[in-house]
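Undergrad: Structure for the following, please:
(3 chains)
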Amino acid sequence: MNHWLLKSEPGTFSIDDLAARPRKTTSWDGVRNFQVRNMLRDAVKKGDQAFFYHSSCAVPGIVGIVTVAREAYPDATAFDPKDAHYDAASTPENPRWYAIDVKLIARFDRVVTLDELREHASTTLSDLLILRRGNRLSVTPVAKREWDFILSLA
DNA sequence: GCCAACGTTGGC
DNA sequence: GCCAACGTTGGC
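TA: Numbers count the residues shown, from 1 in each chain, chains lettered A, B, ... in the order given. Model (predicted):
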């Protein structure tokens, strides 16, 4: 099983929004970055687990855990001209973008803040991509060692 | 609102 | 294939 970190802006879709969904499951769609597309399509597998990270908010940080309930499938929002993520270059016959389904496993009692993660940037979390300057990918891999360490902080 | 970082686009 | 312009992300 691989581990990941998924970013979401809580003003758009928060972990509480996920908790309120039927079966606590949502389609993780709207990804329009090729690197992230490739990861979703080729590397993210059913049963993988991911941290749910709140970005662009008062206290950025990790707020819970989700699991991959469904592997990559064509992102239907790309086919809808009225959708904000519409892409005329993506068709059902030849889809360019992919989505996955994620299901909430746990909402942390507190936020493991970005500041807190940074405290370990020179040691255990030195390779964590979210701590790299300029990292903007909405999906990033997390090593098992990093995963276990962050879980111990929560 | 500012700014750094970086991906994408398009002219050449 | 290069690179400037532009758009987006995200912390602050």
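Undergrad: So for the top strand by length along chain A, what gets flagged as buried?
TA: Across chain A, the longest stretch assigned as strand under DSSP state E is strand A:98-113. Buried residues in strand A:98-113, counted by 16 or more other CB atoms under 10 Å: A:98, A:99, A:100, A:101, A:102, A:104, A:108, A:111, A:112, A:113. Using the backbone N, CA and C atoms, a C-beta is placed for each residue, glycine as well.
Undergrad: which helices and strands sit right next to the next helix or strand after that strand?
TA: Next along the chain after strand A:98-113, taking DSSP states H and E as the criterion, comes helix A:114-118. Applying 3 or more CB pairs under 8 Å, 6 or more residues apart in numbering; DSSP states H and E, one finds that helix A:114-118 contacts strand A:61-74.
Undergrad: and the angle from the strand it packs on to strand A:98-113?
TA: Angle, strand A:61-74 to strand A:98-113, by axes from the mean of the first three to the mean of the last three CA atoms, to 10 degrees: 180 degrees.
Undergrad: Only alpha carbons, please: show strand A:61-74 as PDB.
TA: Extracted C-alpha coordinates of strand A:61-74, given in PDB (Å, rounded to 0.1, in the frame of the first residue of the first chain):
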ATOM      1  CA  GLY A  61      -2.100  21.400   8.000                       C
ATOM      2  CA  ILE A  62      -3.100  17.800   8.000                       C
ATOM      3  CA  VAL A  63      -6.600  17.200   9.400                       C
ATOM      4  CA  GLY A  64      -7.300  13.600   8.800                       C
ATOM      5  CA  ILE A  65      -7.000  10.400   6.800                       C
ATOM      6  CA  VAL A  66      -8.800   9.000   3.700                       C
ATOM      7  CA  THR A  67      -8.600   5.800   1.800                       C
ATOM      8  CA  VAL A  68      -8.800   5.300  -2.000                       C
ATOM      9  CA  ALA A  69     -12.200   3.800  -2.600                       C
ATOM     10  CA  ARG A  70     -12.000   3.700  -6.400                       C
ATOM     11  CA  GLU A  71      -9.000   3.900  -8.700                       C
ATOM     12  CA  ALA A  72      -8.700   6.300 -11.500                       C
ATOM     13  CA  TYR A  73     -11.600   6.800 -14.000                       C
ATOM     14  CA  PRO A  74     -12.200   9.500 -16.600                       C
END
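Undergrad: buried residues in it?
TA: A:61, A:62, A:63, A:64, A:65, A:66, A:67, A:68, A:69, A:72, A:74.
Undergrad: Quickly check: it near DNA strand C or not.
TA: No. With CB under 7 Å from any atom of the strand as the measure, strand A:61-74 is seen stopping short of DNA strand C, the closest distance being 8.2 Å.
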